[in-house]
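Visitor: Have a look at this fold, sequence not included:
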């Protein structure tokens, strides 16, 4: 890959003085693409996302042969430099807008706060105008009215659009979305995904999309990393997911119930200890 | 086995109805699915049937007998419920074994070691797990314990409220298989509530699609599989349940205008 946005080689993350290894030897590069990370709970997928933002608790120990954003070494960057990167150059969208928005602040003010934090020279008027533009960009019909609402007054889908607006207003180059649609209903999910897709294409961003939902990743992303017990067991193009070679990926796909032609019994996964040591398939 | 006629539920005397005259019937030994999005009232219907919410209007009958809003103790020997979140529905400071014998004690039934062992084996757990606490079990094991607790009274009817939505897909597959096996072995009647069309399609033979407190369509599973649903909301829900993709972009535009 020429000039990746994010380059990670052999990342290891452990908790509790190295006793619990959450991420083991993860390497990948992110270009201007939609990269999916799939895995079950506890596979370390969210930990990877947070490590890039350096948002892990102080009990976490992160090491890597290389962990860069452009040519900034994320492992050695000072806290001040990280403050410039977080939000401004790499944005993070979390799962549930209900818990990630400030409940006692109007949503418009929250979005403006982000903008003015990253563009301190901008005045109140400019920020306000920017907020309304951004709310319109995430297809909120009446931005004037919505900007004055509190988070409990908006629906889940609208809350997630507000989160996206807040993340994109500082115009980051990379977006990390950690289960951005898991808390949403299926019909609302489609709207939010279509919107995310459009905004990413228009702004030419790099996206890391973390999810447990294989079907979603398959249709939405360009490339997929499959994580199991802190390791990437397989990397492949999202369109080739059906021809996955790793038994874990195959097992995950087979265990999904289907609407059209459900099997009488769903195949279940038999976990093989050798998955913990085998090299990654498909690089 | 379960007949619901014109069920209405409201929370508070002046508040609007959240369930607006829902009716359906579930024949003995079949699995019936209620599907819909959050806030459509599907769980509220289930809570009214289970007796957790006594303030409802309309008629609910079990096995042809109309039920009083205050359920009798014997009702719970026929109908048991499995909840969504096994982390929240098990007592954190009681062993699996003591939670399992609680329904027996409530019903003044004899308690012996075999019953607990048998029910743990029936849900695919090692009987030795009976001496553990919930936090010492995995999510899938906990949901198996919750199913065991529902089964220990050997009820003919199980009410399942999103039984797999807190679980990983590989664990969800195990629980769905277990539920399908138990139904076959014991001839159970299931009423399954879920937001996931694929889960409903896997277990149920008939499905009611709910929106805004009403059943908009009741249909057979074959119609769901072939996509032959009639109501615009059902079509919308079904097409959204298929995964996101470029070819669906056009239909999203249609959905937004809908």
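Guide: Good, I have the coordinates. All of these numbers come straight from a predicted model, not from anything done at the bench. Numbers count the residues shown, from 1 in each chain, chains lettered A, B, ... in the order given.

Visitor: which bits of the stretch 151-283 of chain A sit near chain B?
Guide: Proximity of the stretch 151-283 of chain A to chain B is confined to A:156, A:185-191, A:193-194, A:212, A:214-216, A:218-220, A:251-252, A:255-262, A:264-269 under the rule C-beta under 8 Å from any C-beta of the partner chain. For glycine as for every other residue, the C-beta is placed from the backbone atoms N, C-alpha and C.

Visitor: Quick one: buried ones out of those residues?
Guide: A:156, A:185-191, A:193-194, A:212, A:214-216, A:218-220, A:251-252, A:255-257, A:259, A:262, A:266, A:268-269 (16 or more other C-beta atoms under 10 Å in any protein chain shown).

Visitor: ok, how many other residues are close to residue 73?
Guide: Unless you meant another one, I'm taking chain A. Residue A:73: 12 surrounding residues under other C-beta atoms under 10 Å in any protein chain shown.

Visitor: nope, chain B please
Guide: 9.

Visitor: model confidence over the helix or strand hosting residue A:207, on average?
Guide: For residue A:207, the host element (DSSP states H and E) is strand A:206-211. The average pLDDT within strand A:206-211 is 94.

Visitor: ok, that strand: who's next to it in the sheet?
Guide: Partner strands for strand A:206-211, per DSSP bridges, with pairing direction: strand A:34-38 (parallel), strand A:174-178 (parallel).

Visitor: Please tell me how far it is from the chain's geometric centre.
Guide: Computed by C-alpha atoms, centre = their mean, to the nearest Å, the chain-centroid distance of strand A:206-211 equals 4 Å.

Visitor: following that strand, which helix or strand shows up next?
Guide: Taking DSSP H and E, what comes next after strand A:206-211 is helix A:214-220.

Visitor: Which strands or helices does that following helix pack on?
Guide: If you count contacts as 3 or more C-beta pairs under 8 Å, 6 or more residues apart in numbering or on different chains; DSSP states H and E, helix A:214-220 packs onto strand A:34-38, helix A:186-203, strand A:206-211.

Visitor: Out of the ones you listed, name the one with the poorest average pLDDT.
Guide: helix A:186-203 (a mean of 86).

Visitor: any residues touching that helix, and which ones?
Guide: A:34, A:137-139, A:155-157, A:160-161, A:164, A:168, A:171, A:175, A:177, A:180-181, A:184, A:205, A:207, A:216, A:220, B:37, B:195, B:197, B:236-237, B:240-241, B:244, B:248-249, B:252, B:255-256 (C-beta atoms under 8 Å, 6 or more residues apart in numbering or on different chains).

Visitor: Contacts only, for the residue nearest to the spatial centre of chain A.
Guide: Nearest residue to the geometric centre of chain A (C-alpha atoms, centre = their mean): residue A:177, 2.2 Å. Applying C-beta under 8 Å, 6+ apart to residue A:177 gives the contacts A:92, A:93, A:196, A:207, A:208, A:209, A:210.

Visitor: Check those residues for burial and list the buried ones.
Guide: Applying 16+ other C-beta under 10 Å to the contacts of residue A:177 flags A:92, A:93, A:196, A:207, A:208, A:209, A:210 as buried.

Visitor: any idea where the strands of chain B begin and end?
Guide: B:2-10, B:17-26, B:31-35, B:56-62, B:65-66, B:79-82, B:157-161, B:189-194, B:206-211, B:214-220 (DSSP state E).

Visitor: any chance of those in JSON lines, with mean pLDDT and distance to chain A too?
Guide: Shown next, in JSON lines, are these (pLDDT from 0 to 100; distance: least, C-beta to the nearest C-beta, whole Å):
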{"stretch": "strand B:2-10", "mean pLDDT": "94", "distance to chain A": "21"}
{"stretch": "strand B:17-26", "mean pLDDT": "93", "distance to chain A": "17"}
{"stretch": "strand B:31-35", "mean pLDDT": "95", "distance to chain A": "10"}
{"stretch": "strand B:56-62", "mean pLDDT": "93", "distance to chain A": "25"}
{"stretch": "strand B:65-66", "mean pLDDT": "91", "distance to chain A": "34"}
{"stretch": "strand B:79-82", "mean pLDDT": "94", "distance to chain A": "17"}
{"stretch": "strand B:157-161", "mean pLDDT": "94", "distance to chain A": "14"}
{"stretch": "strand B:189-194", "mean pLDDT": "94", "distance to chain A": "10"}
{"stretch": "strand B:206-211", "mean pLDDT": "94", "distance to chain A": "10"}
{"stretch": "strand B:214-220", "mean pLDDT": "94", "distance to chain A": "13"}
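
Visitor: sorry, back to before: report the angle between the strand holding residue A:207 and helix A:186-203.
Guide: 160 degrees (axes from the mean of the first three to the mean of the last three C-alpha atoms, to 10 degrees).

Visitor: how about the nearest residue to residue B:80, chain neighbours excluded?
Guide: residue B:150 (3.8 Å; C-beta to C-beta, 6 or more residues apart in numbering or on different chains).

Visitor: Repeat that for residue A:113.
Guide: With C-beta to C-beta, 6+ apart, the residue lying closest to residue A:113 is residue A:105, at 7.9 Å.

Visitor: And the contacts of residue A:177, which is closest to chain B?
Guide: Using C-beta to the nearest C-beta, residue A:196 is the member of the contacts of residue A:177 that lies nearest chain B, at 10.2 Å.
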